[in-house]
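Visitor: build the 3D model from these lines:
(one chain, ligands or ions: 1)
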Amino acid sequence: MPKILRVNMTDRTATYEDVPERYKFLGGRGLTSTIVYDEVDPTCHPLGPNNKLVFAPGIVTGTNAPTSGRVSVGGKSPLTGGIKESNAGSSWVQAVAKLGIKAIIVEGFPKESGWWGLYITKDGVEFFPADEYAGRGLYEVYPQLFERFGKKAHICSIGVAGEMKMAMAGVCFNDNHGRPSRYSGRGGLGAVMGSKGLKFIVVDDTGAPGVEIANPDLFNQGRKKLLEALRQHDITKPKGGLNTYGTAILVNIINEAGGYPTRNFREGRFEGAAATSGEAIFENNKKRLGKELYNHACHPGCVIQCSNTYYDEKGNEIVSCIEYETTWALGANCGIDNLEAIGKLTWLCNDLGLDTIEAGGTIAVAMDAGLLSFGDWEGAIRLLDEEVRKGTPLGHIIGNGAAFTGKAFGWYRVPGVKGQNMPAYEPRAIKGIGITYAISTMGADHTSGYTIAPEILGVGGKVDQFDVNKAELARNFQYTTAFIDTTGHCLFIAFAILDIPSGFEGMVEECAGLLGADWTPDDAARIGKEIIDRELAFNRAAGFTKSDDRLPEFMKYEKLPPHNVVWDVPDEVLDAVFGE
Ligand code: SF4
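Guide: Numbers count the residues shown, from 1 in each chain. Prediction:
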């Protein structure tokens with residue numbers, strides 16, 4: 001039977017508990033958000049003794065369900081002050097699931113300074129002193145951990161940003177090649193891990209029992225349907241859009257739509273878009289390596305395989321991976337059109353343990369406020385490599401995110417919601433994603449409800465990007481997304497399952513088969529709603545009101561070129577999404 005592992009950092013104990021009946025049919029975001037709702041005081045300080053950090057594999061994580069190696073990390077966010085779940089793909093969580101662990105709850109507060117690691121195997125859980133790894137870059141530390149714990153180890157960690165409890169610190173996991181590059185980036189959960197004195201969770205699943213499947217026939221039936229859909233769809237199939245150009249395939253598309261935020265959301269088109277796109281990464285690699293390089297999986301069993309690696313002129317690796325959000329945040333949003341510089345900045349974020357979206361958003365706000373010029377990539381590198389890495393006073397300001405930096409420099413153009421900076425879609429030009437930013441329980445977050453699919457990509461239907469009446473669209477996407485985040489599948493399966501109904505059916509059948517539940521596709525939205533209702537209740541108790549569900553004022557009067565549009569979605573539409 002799966003267990004919950006409770007780790008107490010006050011007295012450094014780790015104990016296995018039975019899974020309460022009410023958690024039996026939950027996993028991933030559904031489980032982390034429910035445990036945070038049940039166990040964390042919404043009014044607590046996110047970096048104080050009463051916050052908890054929860055890790056959970058999705059429902060089908062650890063099985064051979066395609067593209068299902070996602071971990072959800074949850075807690076109260078130091079960035080937003082609300083509930084947070086942030087997910088990533090890594091073999092680490094597959095190992096956790098195979099060990100029969102349904103969730104890891106980290107709680108308590110260290111009595112003295114010092115860093116600790118946790119080592120989990122089928123034989124038990126041990127703490128190990130980790131001071132020798134503190135204050136150092138993760139690219140230097142990961143190989144040493146693999147040497148110490150063996151090649152079969154899987155690593156979860158924080159970087160120096162988490163050690164310094166910066167609000168843009170993410171939780172980092174290894175990729176398939178052992179790089180420190182897969183991030184539960186958003187919301188500063190790395191700082192929560194830092195506040196507990198926990199530097200690593202190392203897992204080795206050798207000899208693990210594996211994940212129990214209640215109804216293997218139903219599970220396999222669903223798995224086949226989903227696999228078929230993923231292999232058919234142009235975006236998710238082998239050598240399809242994502243496998244060839246990565247998520248950065250979106251750069252030219254969103255730029256063409258006039259919704260590519262440029263120079264801290266001053267314009268909706270970037271003159272350097274083509275030079276920093278997924279196509280440019282693919283073509284540059286081809287020239288430099290003398291062959292076409294398709295992307296790889298972030299964890300075993302992903303059939304989409306969207307993660308790129310970028311190489312320099314000499315054929316040496318610069319970094320893996322440059323996501324759409326990353327090339328935008330550290331590129332167009334900062335006015336930087338130099339892909340090598342974007343690669344270096346991405347590497348720095350991985351090395352320091354930073355969320356690339358918040359890092360780029362913060363540098364852009366600093367540039368807009370006059371600290372640097374737009375396009376000054378050397379200055380941007382200096383901010384991360386010298387100020388943040390060394391923890392200077394300026395580094396601490398930058399490390400605490402865009403809203404904090406805007407306040408520190410008296411700057412009003414801060415494009416965030418609930419303290420979290422917006423990702424790479426301009427809400428004035430693409431209204432549905434703006435509604436999602438406004439009302440998401442997570443702060444400005446595109447992954448809460450990816451309405452870009454119908455608004456721009458024509459996936460799951462086609463709607464007008466400028467239409468403001470999208471309360472129902474935003475609601476449906478958020479509910480369905482909360483369910484997908486619970487299954488353990490990567491959200492990118494949505495491209496296929498929105499267009500191919502049997503794929504959606506397959507996803508639900510996999511979960512029903514694994515759990516022995518009698519779910520049908522109609523249950524997905526119901527389950528998603530229940531999860532979001534708990535997240536909303538947590539945020540209300542934490543002090544959030546309707547006035548927090550709004551976009552920044554400057555977007556209401558500053559016209560965004562090239563469409564010269566303002567944010568004009570009525571507040572009534574925003575309030576109608578969740579009917580409160
Ligand atoms: S589609 Fe990309 S991000 Fe998603 S699981 Fe696969 S490799 Fe990872």
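
Visitor: going forward, measure contacts between C-alpha atoms and count neighbours the same way
Guide: OK.

Visitor: element containing the closest residue to Ser157 other than its chain neighbours?
Guide: Spatial nearest neighbour of Ser157, chain neighbours left out: Phe200 (4.4 Å); criterion: CA to CA, 6 or more residues apart in numbering. Element membership for Phe200, per DSSP states H and E: strand 198-203.

Visitor: equivalent analysis for Gly301, please.
Guide: Assigned by DSSP H and E, Gly301 falls outside every helix and strand.

Visitor: all strands for the stretch 201-350 of the chain, in order.
Guide: Secondary structure of the stretch 201-350 of the chain (DSSP state E, counting those that start in this stretch): strands at 310-311, 317-319.

Visitor: for the shortest one, what is the average pLDDT?
Guide: It stands for strand 310-311. Mean pLDDT, strand 310-311: 98.

Visitor: also stretch 318-336?
Guide: For stretch 318-336, mean pLDDT rounds to 98.

Visitor: hmm, that stretch in reach of the ligand?
Guide: No. Among the residues of stretch 318-336, none lie within reach of the ligand under CA under 6 Å from any ligand atom; the closest is 8.9 Å away.

Visitor: and the pLDDT at the residue nearest to Ser157?
Guide: Per-residue confidence (pLDDT) for Phe200: 98.

Visitor: please apply the same query to Glu580.
Guide: Per-residue confidence (pLDDT) for Glu580: 57.

Visitor: can you list the weak-confidence ranges in the stretch 351-500 of the chain?
Guide: For the stretch 351-500 of the chain, no stretch has pLDDT under 70.

Visitor: please repeat the previous calculation with a cut-off of 90.
Guide: 460 (pLDDT under 90).

Visitor: what about the closest residue to Ile531 other than its chain neighbours, neighbour count?
Guide: Among residues not flanking Ile531 along the chain, Gly30 sits closest, at 5.7 Å (CA to CA, 6+ apart). Counted with other CA atoms under 10 Å, the neighbours of Gly30 add up to 30.

Visitor: which secondary structure state does Gly30 sit in?
Guide: Put simply, Gly30 is helix when judged by DSSP: H, G, I helix; E, B strand; the rest coil.

Visitor: is it true that it touches Ile484?
Guide: No. Between Gly30 and Ile484 there is no contact under CA atoms under 8 Å: 9.5 Å.

Visitor: so what are the sheet partners of the strand or helix carrying Ser86 and their directions?
Guide: Using DSSP H and E, Ser86 falls within strand 83-89. The pairing partners recorded for strand 83-89 under DSSP bridges are strand 70-76 (antiparallel).

Visitor: from the middle of its chain, how far away would the strand it pairs with be?
Guide: 9 Å (CA atoms, centre = their mean, to the nearest Å).

Visitor: list of residues touching it?
Guide: Strand 70-76 is contacted by residues 28-29, 32-33, 36, 40, 42, 46, 51-58, 61, 82-90, 93-94, 184, 189, 192, 485, 488-490 when judged by CA atoms under 8 Å, 6 or more residues apart in numbering.

Visitor: need the residues of this structure near the ligand, please.
Guide: So the chain meets the ligand at Thr67, Gly89, Ala297, Cys298, Cys302, Ile304, Gln305, Cys306, Ser307, Cys490, Phe492 (CA under 6 Å from any ligand atom).

Visitor: follow-up on the earlier one: who are the contact partners of the residue nearest to Ile531?
Guide: Listed by CA under 8 Å, 6+ apart, the contact set of Gly30 reads Ala482, Phe483, Asp485, Thr486, Gly528, Ile531.

Visitor: most neighbours among those, which one?
Guide: So for the contacts of Gly30 (other CA under 10 Å), the most neighbours sit at Thr486, 33 neighbours.

Visitor: just checking, what packs against the helix or strand hosting that one?
Guide: For Thr486, the host element (DSSP H and E) is helix 471-487. If contacts are counted by 3 or more CA pairs under 8 Å, 6 or more residues apart in numbering; DSSP states H and E, helix 471-487 sits against helix 28-39, helix 431-439, helix 522-542, helix 571-577.

Visitor: for the shortest one, list every residue counted as buried.
Guide: By that I understand helix 571-577. Val573, Leu574, Asp575, Val577 (16 or more other CA atoms under 10 Å).

Visitor: equivalent analysis for the third one, please.
Guide: Counting neighbours by 16+ other CA under 10 Å, one finds that the buried residues in helix 522-542 are 524-525, 527-532, 534-539, 542.

Visitor: just the C-alphas of stretch 442-461, formatted as CSV.
Guide: The C-alpha trace of stretch 442-461 is given here as CSV (Å, rounded to 0.1, in the frame of the first residue of the first chain):
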residue,chain,number,x,y,z
MET,A,442,-1.5,30.9,-8.4
GLY,A,443,-0.9,34.5,-9.5
ALA,A,444,-0.2,35.3,-13.1
ASP,A,445,0.2,31.8,-14.5
HIS,A,446,-0.4,30.6,-18.1
THR,A,447,-0.3,26.9,-17.1
SER,A,448,-3.4,27.4,-14.9
GLY,A,449,-5.6,27.5,-18.0
TYR,A,450,-3.9,27.5,-21.3
THR,A,451,-6.5,29.4,-23.4
ILE,A,452,-3.8,30.2,-25.9
ALA,A,453,-4.7,26.8,-27.4
PRO,A,454,-8.0,28.0,-28.9
GLU,A,455,-7.2,31.7,-28.9
ILE,A,456,-4.1,31.5,-31.1
LEU,A,457,-3.3,27.9,-32.0
GLY,A,458,-6.8,26.8,-33.1
VAL,A,459,-6.5,23.7,-30.8
GLY,A,460,-9.8,22.6,-29.2
GLY,A,461,-11.7,25.0,-31.5
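
Visitor: so what's the gap between that stretch and the chain middle?
Guide: With CA atoms, centre = their mean, you get 15 Å for stretch 442-461.

Visitor: now do the buried residues in that stretch.
Guide: By neighbour count with 16+ other CA under 10 Å, stretch 442-461 contains the buried residues 442-457, 459-460.

Visitor: which SS class is the residue lying closest to Leu138 once chain neighbours are set aside?
Guide: In space, and not counting its chain neighbours, Leu138 is closest to Asp351: 4.8 Å by CA to CA, 6+ apart. Assigned state for Asp351: helix (three-state reduction, three-state DSSP).

Visitor: please name the residues that touch Asp351.
Guide: Asp351 neighbours (CA under 8 Å, 6+ apart): Gly137, Leu138, Tyr139, Gly159, Pro180.

Visitor: need the helices and strands packed on helix 471-487 in CSV with distance to Asp385, can you?
Guide: Shown next, in CSV, are the helices and strands packed on helix 471-487 (distance: least, CA to CA, whole Å):
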stretch, distance to Asp385
helix 28-39, 33
helix 431-439, 30
helix 522-542, 35
helix 571-577, 40
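
Visitor: out of the ones you listed, the one nearest Pro562 is which?
Guide: Closest to Pro562 of the helices and strands packed on helix 471-487 is helix 431-439 (CA to CA; 15.3 Å).

Visitor: picking that back up, quick check: angle from the helix holding Thr486 to helix 522-542?
Guide: Here the directions of helix 471-487 and helix 522-542 differ by 100 degrees (axes from the mean of the first three to the mean of the last three CA atoms, to 10 degrees).

Visitor: just how off-centre is helix 471-487 within its chain?
Guide: Centroid displacement of helix 471-487 relative to its chain, using CA atoms, centre = their mean, is 16 Å.

Visitor: contacts for that helix, please.
Guide: Contacts to helix 471-487, defined as CA under 8 Å, 6+ apart, come from residues 26-31, 58-61, 68, 72, 87, 432-433, 435-436, 440, 447-451, 490-491, 511, 524-529, 531-532, 573-574, 576-578.
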